[in-house]
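Asker: give the three-dimensional model of this entry:
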Amino acid sequence: MAVTPLLRICQLSAFSIATTANLLLLYLIKVRAGNSFGRYRVLMVSFSIYAIIYAFIEILTMPVLHIHKSGVLFYLDGVLKFQTTIGGFMSSLYCGSFALCISMLATHFIYRYVAVCRHGKLYYFDGIKIYNLFIPPTILFIVWTLSIYFNFGPNQIKKDFFRNITMQLYDEDIDKISFMGPLYFTRNEDGSCLFRFSDLLGATISCVIMTICLMTCVICAYKTYKKLNDLTIQMSERTRHMNKQLFWTLGLQTILPCVTQYIPVGAMFFLPFFEIHFGRIGNVVGAACSLYPAIDPIIAIFMIDKFRNYVLGKEARTAPKTSTMNEDGKSTVAE
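Answerer: Prediction:
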């Protein structure tokens, strides 16, 4: 039985929507954000570019996932299917992109926290210093990618473990396709477990990165929310309104990957420990992850009134220049 057409339809549709929506968001940031968003524009632009790149990696790999006993089979069904060398690299890159996503979300929350709660420290992000925020996500991306490549890579034990299930369900020869995935343990003839520490190490690294990023988002979000709703804080109504829009946009953009990425990927790492048979349901993880870059820009477009009104034609396409207060609290001229 081959891969279900529904997975392919989902991946191709998500790719089309992701590229279109993110290009639209980039255009809106250029023509509507102006200087009123401060240096936060850099983070928004970078995230949209990342989403487009992620969508292209997704369509190149066309991943298929299958949870089988104590292992997770991840094989490519795209143009690199039979290119085992470059396919292994692209598989790792695809998985590493997830780390880049969640760590970049964490940097967004850090910036929002500084902008609202530590306003006097915004000079840390002046000029090119804003790009320092990309250093931690880049490091985590490299660590996750290398961990996947070296810890979850194919070997003869994994080929033998997944061989029958791959042929029976997907009509694929495991010796010819690009694949990888964690295999936490195998069983001896007496039923005892033989743990595979490299795979356990890879899963631990991934879970630690996810936990650090998620806790960063939660802590910064909580403190930012309290500050925005503290009416005793001196802040212009315009600035408060803009910060609230950006905060709630970021909040929804965090709930989205929790549903489409954190929970599915976390379950994928967790369930094989108990040898729970989920089989082809594992493809829900791949399908859910492909939806993220498609839905994320739509949230920003319709949550931020400058973008929403422009798209819905509720304001003139070219507006006169007006003096505004940007999120940094500085007087600017916005289009």
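
Asker: which intervals of the stretch 101-250 of the chain have sub-threshold pLDDT?
Answerer: Across the stretch 101-250 of the chain, residues meeting the criterion (pLDDT under 70) sit at 230-243, 246-247, 250.

Asker: strands of that one, start to end?
Answerer: 179-180, 185-187, 193-195 (DSSP state E, counting those that start in this stretch).

Asker: single out the most deeply packed of those.
Answerer: Across the strands of the stretch 101-250 of the chain, the average number of neighbours (mean count of other CB atoms under 10 Å) peaks for strand 179-180, which reaches a mean of 25. The C-beta positions use only the backbone N, C-alpha and C, and glycine is treated the same way.

Asker: tell me which strands it pairs with, and in which orientation.
Answerer: Strand 179-180 has these partner strands in its sheet, going by DSSP bridges: strand 71-76 (antiparallel).

Asker: with just CA atoms, put the partner strand into CSV.
Answerer: Only the C-alpha atoms of strand 71-76 are listed here, as CSV (Å, rounded to 0.1, in the frame of the first residue of the first chain):
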residue,chain,number,x,y,z
GLY,A,71,11.2,3.1,16.7
VAL,A,72,10.0,5.9,14.3
LEU,A,73,10.7,5.5,10.6
PHE,A,74,11.2,8.7,8.8
TYR,A,75,11.8,8.4,5.0
LEU,A,76,11.8,10.7,2.1
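
Asker: which residues touch that strand?
Answerer: Here strand 71-76 makes contact (CB atoms under 8 Å, 6 or more residues apart in numbering) with 61-67, 81, 87, 90-91, 95, 152, 158, 161-162, 165-166, 170, 172, 177-184, 268-269, 272, 282.

Asker: what about those, which are in helices?
Answerer: 61, 87, 90-91, 95, 158, 161-162, 165-166, 170, 268-269 (DSSP state H).

Asker: CSV for those residues, including distance to residue 147 and neighbour count?
Answerer: What follows is these, written out as CSV (distance: CB to CB, whole Å; neighbours: other CB atoms under 10 Å):
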residue, distance to residue 147, neighbour count
61, 18, 26
87, 18, 23
90, 16, 20
91, 13, 27
95, 9, 25
158, 16, 22
161, 20, 20
162, 20, 24
165, 25, 18
166, 24, 22
170, 26, 20
268, 15, 22
269, 12, 17
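
Asker: now, which of those sits nearest residue 219?
Answerer: If you rank those by distance to residue 219 using CB to CB, residue 269 comes first, at 23.1 Å.

Asker: not counting residues beside it along the chain, what's closest to that closest one?
Answerer: The spatially closest residue to residue 269, leaving aside those adjacent along the chain, is residue 203, at 5.1 Å (CB to CB, 6 or more residues apart in numbering).

Asker: just checking, residue 89 touches residue 149?
Answerer: Yes. Using CB atoms under 8 Å, residue 89 and residue 149 qualify as a contacting pair, with a distance of 7.1 Å.
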